[in-house]
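> A predicted structure for the sequence below; I have some questions about it.
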Amino acid sequence: MARKSKEQRLTEGLGLKSDYENAELTTSWEYGFLTSVLSQMERGRYPSKRQRDRFDSMVEEGIPTPKGDTALLARIDEAITFWKENEDRSWDLGVLRDLRRNVFKGWNMSEKQSALMEKLLQRCADDKSGKNLFHPTDEQIDDLKILTKLYYGYAQLWQLERPALAKAVDRTIRYLSGEATIEQYHYDKLMKAMSSRLKKFRNPRFVKGDLSQTHLPTGVKAVCFCTSDVYIGGNGEIVNDWMVPGLGMRTYDPEQLPKRLTK
């Protein structure tokens, strides 16, 4: 093999890297090796002779020929292309790209991997046909508006332990603002996770005009008057406004106060 300059290797390597990306082979070992060597050269470090020989062989061979089912590869590539610009399918896209490598190389897949791949391909087909689109009723939209506010009333640790819920909340917020679509899954996810607080909001302990009691700073128990129906505060908390003798207007979580007094 003829000697090559660093500049020639860099140019040829960048071209091959682009070919690998266009062929959806970015999860392969070869692509990882290629990008590693190119990174070294771009930083001014020259690869070892062994690395150079392997690098030059890859450039000479070009993109490898698929050894697996080409018809299945075509279906996968069609799905990858369709989802490429859809940030809401980033997880699906990443998994499909990983599975594509197995098909491309002709490797056997487990039943679980094959089933997952078919599930993803069907999901893509359903996305194309519009089958996955969810059209909530007015009442369900109202539920979603409330739930996306209530979400921020939960502790940060609770939120961090539920990344799928966080994504569903974000998608729902974008849907409500007209920037995205949602599926039945997103509605169900929010309802399952936060139905208890939604129920608490829908069936408030206090309404405007109710009476209850609270302790003043002096320790004396005073009757307070509810001046608002229940609403969701800026931090996602469920609250009512109250007029408290000597203190003026105060905001309380309904659970902070004893049951309503009879007028």
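Received, thanks. Residues are numbered from 1 along each chain as shown.

> got the domain ranges for this structure?
Under the assignment automatic domain parsing, the domains of the chain span 6-61, 70-129, 138-202, 211-256.

> next, residue 249: secondary structure please.
State at residue 249, reduced to three classes by DSSP: H, G, I helix; E, B strand; the rest coil: strand.

> what are the ranges of the helices in the protein?
The residue ranges that make up the helices of the chain, judged by DSSP state H, are 6-22, 29-42, 49-61, 70-83, 90-105, 111-129, 138-150, 156-160, 163-176, 184-202.

> before we move on, back to that, so can I have JSON lines of the domains of the chain showing mean pLDDT and mean neighbour count?
Placement of C-beta: from N, CA and C, glycine included. Compiled in JSON lines, the domains of the chain are given as follows (pLDDT from 0 to 100; neighbours: other CB atoms under 10 Å):
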{"stretch": "domain 6-61", "mean pLDDT": "88", "mean neighbour count": "14"}
{"stretch": "domain 70-129", "mean pLDDT": "92", "mean neighbour count": "15"}
{"stretch": "domain 138-202", "mean pLDDT": "96", "mean neighbour count": "15"}
{"stretch": "domain 211-256", "mean pLDDT": "93", "mean neighbour count": "14"}
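
> circling back to that earlier point, now the helices of the chain as TSV including distance to residue 216?
Supplementary listing: the helices of the chain in TSV, determined by distance: least, CB to CB, whole Å:
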stretch	distance to residue 216
helix 6-22	69
helix 29-42	68
helix 49-61	78
helix 70-83	60
helix 90-105	53
helix 111-129	59
helix 138-150	30
helix 156-160	33
helix 163-176	39
helix 184-202	27
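
> quick check: the gap between the residue nearest the centre of the chain and residue 89.
Central residue check for the chain by CA atoms, centre = their mean: the C-alpha nearest the mean position is that of residue 167, 3.5 Å away. Residue 167 sits 11 Å away from residue 89, going by CB to CB, to the nearest Å.

> same check on residue 70?
As it turns out, when the distance is counted by CB to CB, residue 70 lies 24 Å from residue 89.

> cool, residue 13 as well?
Taking CB to CB as the measure, residue 13 falls 31 Å from residue 89.

> same question for residue 48.
As defined by CB to CB, residue 48 lies at a distance of 40 Å from residue 89.

> can you check residue 71 too?
Distance check for residue 71 against residue 89: by CB to CB, it reads 22 Å.

> and residue 222, by the same measure?
Here the criterion is CB to CB. By it, residue 222 lies 56 Å from residue 89.

> that'll do, ta.
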